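>>> this one's structure only:
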């Protein structure tokens, strides 16, 4: 059996485990005060081309979204997100748990369009009763998006300009950031993103780490007493080294980008297999997740040798199947899939 | 100048003020433990034809929605509401402030349709990842709806049956309940509503009271220690008599229904004036609020003698204008409007 | 039967009811935008001798504390209060409901001492692990205190200077403010309080109003978008006139002070009766609440003609009884008590 | 330099790292659905002698406290804890962030006494105004306590009986559970604890793991939809294997107990050094943390070769110093300390 179920089926990249082992018995201070965490922050700032950015590490994606959004919003504000956004659908109400509304706007292929937001903001500002409404205080996007699509540089620039015009921070959820940046279809670099958004996170959990996300505040806008707010939300890791060492390793010798590139190459091979087998594509994605439509009989046959995700029902006799590659996908996995 | 701006432009019905004055110097216990409050509860239960209902008084509509919804939902649940619902749009995020998501579904003319909710619930139940989502734990509707439309008995019955099938409580926001019940178009009685929903409130603020809403729990489902949860939300009134005496008066000799009927009669006269003047109707409402489209010049002319609500922009040179009647609208007001 | 149970046994001062009746049918805008509310704000600012103060009206005391504290604290902060403070004991956790800790410090006779707070603040600042603690972000006191004692001008000045030194706002809960200011023992005026604290509220519910508290922000420190934050907490009254007209009346011709003075005079008479009857005093209070120790037999005898509050158990055969006067206490009430 | 700063200065026990490496490339389902997590749960239940317990894994201690307490309390309830308890002092208000009060009671040597709680509960129940207060809904204790003391079996039995009498769950924070259980002074076993409390957690972070705490619900009392509530609080780990494999290793061949025992042996040697050097003991602890009083000159001398924790100021020229051992303390560390 081989698995293409999702991009967090394996542990950590072996290089990370090796570094954890090498540093294991060093006595280090807790809560991210260790020198590996400091080093990781410097490397990430360098990769972003932004020496004055502020970097903080958290454990998981939903936690990161809840911490960042709730510490940056003001009392009377909510966050704009796509109806299909992760914070809208798949976080069990973690944003609302902090007392803030997710203002859902329709998206196209998982992407929020600047014009949609502009129209919303104009209507909101023109509404004389808006003191009775939730004020838009942040725009949340994901890159890649939940269905695996990518904002172009032009699209992200338009969002960025809109947000600056309206003085609303733009936040980018990069749970799978590496798989977006390394896509052939991407025209955005990490530096572009750091420049265009106000805050974003570089996903580790799905890109080589056991756990961990690196939040980058790009505009001197890290909330005051951030550590205390993180602790208040139960999100402060005692052994901060676990996050620091992982990200220090990922941002040494471009490991983060190399393993992301590998996942994209594996995705290309999966696409080639899809084409060869004549499977129907549900949504064409330039990143590491492929959605196909299979008839249920065929799907059960495939399930004998391949683990995959049943993404949704297509019709009475067809299912939407997701095949995800990741840093851990091997040529052997691909070979099994090709023969399945 | 006369005002048709909204249905809370005046103080209280004179009969209420009279009763407040008559009882003013009586020494009464606080927090709703007085005999007027007890009497009001009995009268409301009688009007609902439901001797075992439980009635509680709160001060305002948003407060009532937040208290009822957050004390009835369980930790992992949110409330389904129309995208145009009051809790979705005009409560500054009061539901989210309590840590719960408003799950917004599209409505038709302000009304949630049973089939829309059924489809949502079926999809939710079929989704194998729904442990990562907010569980639907209540359905919120308003009667009349925000734009002034009414559920028919058939429609409310369908919602009621759906909610029972899925074991989800149905909550009805009756901020303007009297104006709905007394509409010519209504085929629902107060007893019908009490029977079909799990919890609802009878609006006082917009129907004759200075303030106050009466929540009716119809299924032995008042949350435990409700008084403490009310206090915790800053919603417990020390002089509960203020609410008790008002509702005792409103439910004596059918005052609530008589003044609601009056508002509907005044609304009919407004409709007649609209017809005579040839004003364009934006949405035809059988209740106390009329929405019309006026060209801006004509509107400014009207504004010289009439106060109204500028509900929204229609196009570059037209505005949607709302004319609301209420228990306090007089024949003289109508005459001024007719001549305007 | 006469009642000395508490200071909210009656409705409103008759002058207030009269004004509510006189203004009842005026068409006024909602949410505190009416001219009576504007007038009330001006009169309160004048009474405070502070033309640039900002005044806002809320419905009740717990609500006011929760709204003011939670909108002024920052995410990582809590509020310091006496262990015996209203927010610590008798608000069902309303402050915690907003996500903030009440940091309880010991008080003497209900009063927080500047030295107690200073010691706490010094220890907090010296603690190198304080990033893991709740930061002190406000000091809450009440005047009169819960057991009816009063801060002297020297004591309040010491608290004020301490708070300014540490840059922490000082908030005064004036639920019974009038009864404190009019006490023979008071050496503080309303102007003194406005000058010495950062924010406070003038209690209406217990001093002549049906409901209502007037919050005074004295340092240009009203939170941004306060109306929306109030609405978000379910605390915005649609018919703001109810609060505006009441406070406008209370601050016309010194009504608030005159009726408070009356309550204090009635309290003096109660004290005289206590002395004549030889009842034991539990705590000597210069304000409107007297605490005495009665043996239980004697207490049951008193209960035949007088309603009072059973404040607490003193020992196996004695109870602490509270006798409260208020603006509504009459000479006849006193006469009945004297004969009881 | 050697470090006795705290018990989380090192990474993971080498056996854990070895198992993480061995299992690293296995494709496993996420969110704790993997077979290692299942195995760990079984082993923990066996160690507790309780086959029907329910075990859940979380990442850190503050997170665990916030999740367990807020999902078990009802809306109107708070949690009783020692004034010196971790939830009272060192969690940045994480419990209050979930909307619940920590009801602080005085403790003796860090331990809550049954009689203290009983008196509080009796007073609370007798108070006729308790509807205006936070209801006690849980008792929180820690074992070992924050200053390193231990409840005896008699003391824990008394707390357990009291809690059952009052039908309030008893929750034990076992952040350093191993170091308590393996103390020479302990007369409680893991099975005793599982039997006497309603819910507790077995700390991993401070006892050999990189991160992780194992919550044990002992009375069929795991909250419904716990996974969703965990996700809602941002506490659900995608790669649940990280927790499962660590605890599976810790509960294989008694590793958890063996390494805890080692820490206690190292603590004994530290105590012997303290005695030999004639250092003053601040609080005598039978667990892994020793508190001593040093004059500041002497302390700075020690700081040249030993890292320790400056626990607090003793007087103008003395500091309270904490020396902690852990599973990672070596004989070499002890030798350096002896010579310091």
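It's in. For clarity, every value in this text was computed on a predicted model and none was experimentally measured.
>>> ok, the closest residue in space to residue A:112 that isn't next to it in sequence - how many residues close by?
In space, and not counting its chain neighbours, residue A:112 is closest to residue A:82: 5.0 Å by Cβ to Cβ, 6 or more residues apart in numbering or on different chains. Placement of C-beta: from N, CA and C, glycine included. For residue A:82, the count of nearby residues is 27 (other Cβ atoms under 10 Å in any protein chain shown).
>>> ok, now how distant is residue A:82 from residue B:278?
Using Cβ to Cβ, to the nearest Å, one obtains 44 Å as the distance from residue A:82 to residue B:278.
>>> could you pull up phi and psi at the residue nearest to residue A:112?
Note on residue A:82: backbone dihedrals following degrees, to the nearest 10 are phi -70, psi 150.
>>> right, is the least confident helix or strand in chain A by mean pLDDT up against chain B?
None of the helices or strands of chain A scores lower by mean pLDDT, DSSP states H and E than strand A:309-315, at a mean of 89. Yes. Using Cβ under 8 Å from any Cβ of the partner chain, strand A:309-315 reaches chain B at A:310, A:312, A:313.
>>> next one: stretch A:202-217
No. Using Cβ under 8 Å from any Cβ, stretch A:202-217 stays clear of chain B, coming no nearer than 14.4 Å.
>>> in that stretch, what counts as buried?
A:202-217 (16 or more other Cβ atoms under 10 Å in any protein chain shown).
>>> most widely separated two among those residues?
Using Cβ to Cβ, the pair of the buried residues of stretch A:202-217 lying farthest apart is A:210 and A:217, separated by 24.1 Å.
>>> need the strands for the stretch 151-300 of chain A, in chain order.
Assignment of strands within the stretch 151-300 of chain A using DSSP state E, counting those that start in this stretch yields the ranges A:170-174, A:199-203, A:213-217, A:280-283, A:289-295.
>>> right, so of the ones you listed, which gets closest to residue D:288?
Closest approach to residue D:288 among the strands of the stretch 151-300 of chain A (Cβ to Cβ): strand A:213-217, 32.5 Å.
>>> sorry, back to before: make a markdown table out of the strands of the stretch 151-300 of chain A and add mean pLDDT.
Shown next, in a markdown table, are those (pLDDT from 0 to 100):
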| stretch | mean pLDDT |
| --- | --- |
| strand A:170-174 | 98 |
| strand A:199-203 | 98 |
| strand A:213-217 | 98 |
| strand A:280-283 | 92 |
| strand A:289-295 | 94 |
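>>> could those strands be laid out in TSV, adding distance to residue D:2?
Compiled in TSV, these are given as follows (distance: least, Cβ to Cβ, whole Å):
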stretch	distance to residue D:2
strand A:170-174	40
strand A:199-203	35
strand A:213-217	32
strand A:280-283	57
strand A:289-295	49
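>>> then residue A:52 would be within a strand, right?
No. Read with DSSP: H, G, I helix; E, B strand; the rest coil, residue A:52 is coil and lies in no strand.
>>> interface residues of the stretch 101-250 of chain A facing chain D?
Counting by Cβ under 8 Å from any Cβ, the stretch 101-250 of chain A comes close to chain D at A:205-206, A:210-211, A:228-229, A:231-239, A:241-242.
>>> for PyMOL, write the selection for the buried entries among the residues you listed.
Here is the PyMOL selection string for the buried members of those, based on 16+ other Cβ under 10 Å:
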select buried, chain A and resi 205+206+210+211+228+229+231+232+233+234+235+236+237+238+239+241+242
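>>> tell me which of the residues of the stretch 101-250 of chain A next to chain D fall in helices.
Those of those mapping onto helices are A:228, A:229, A:231, A:232, A:241, A:242, per DSSP state H.
>>> for residue C:64, state which of those is nearest.
residue A:232 (24.7 Å).
>>> per-residue pLDDT, the closest one?
At residue A:232, the pLDDT value in this model is 98.
>>> check contacts around the nearest residue in space to it that is not next to it in sequence.
Leaving aside its sequence neighbours, residue A:232 sits nearest to residue D:92 (Cβ to Cβ, 6+ apart; 4.2 Å). Residues near residue D:92 by Cβ atoms under 8 Å, 6 or more residues apart in numbering or on different chains: A:228, A:229, A:231, A:232, C:76, C:131, C:132, C:133, C:134, D:62.
>>> go again using 10 Å as the cut-off
By Cβ atoms under 10 Å, 6 or more residues apart in numbering or on different chains, the contact set of residue D:92 is A:225, A:227-234, A:236, C:75-76, C:78, C:101, C:130-135, D:62.
>>> which residues touch the residue sitting furthest away from the middle of chain A?
When distances are taken from the C-alpha mean of chain A, residue A:128 lies farthest, 36.7 Å away, according to Cα atoms, centre = their mean. When the contact criterion is Cβ under 10 Å, 6+ apart, the partners of residue A:128 are B:309, B:310, B:311, B:312.
>>> make it 7 Å
Contacts for residue A:128 (Cβ atoms under 7 Å, 6 or more residues apart in numbering or on different chains) come out as residue B:310.
>>> ramachandran angles for it?
phi -70, psi -10.
>>> from residue D:200, how far out is it?
For residue A:128, the distance to residue D:200 - Cβ to Cβ - is 55 Å.
>>> ok, now residue A:76?
Residue A:76 is 41 Å from residue D:200, by Cβ to Cβ.
>>> domain-wise, how is chain A divided?
For chain A, automatic domain parsing gives the domain ranges A:2-8+A:256-339, A:14-254.
>>> which one of those domains is the most hemmed in?
Counting by mean count of other Cβ atoms under 10 Å in any protein chain shown, domain A:14-254 has the highest mean neighbour count of those, with a mean of 21.
>>> now that one: how far from the chain's centre is it?
Mean C-alpha position of domain A:14-254 versus that of the full chain (Cα atoms, centre = their mean, to the nearest Å) differs by 8 Å.
>>> cool, stretch A:312-324 as well?
Taking Cα atoms, centre = their mean, one finds stretch A:312-324 lying 23 Å from the centre of the chain it belongs to.
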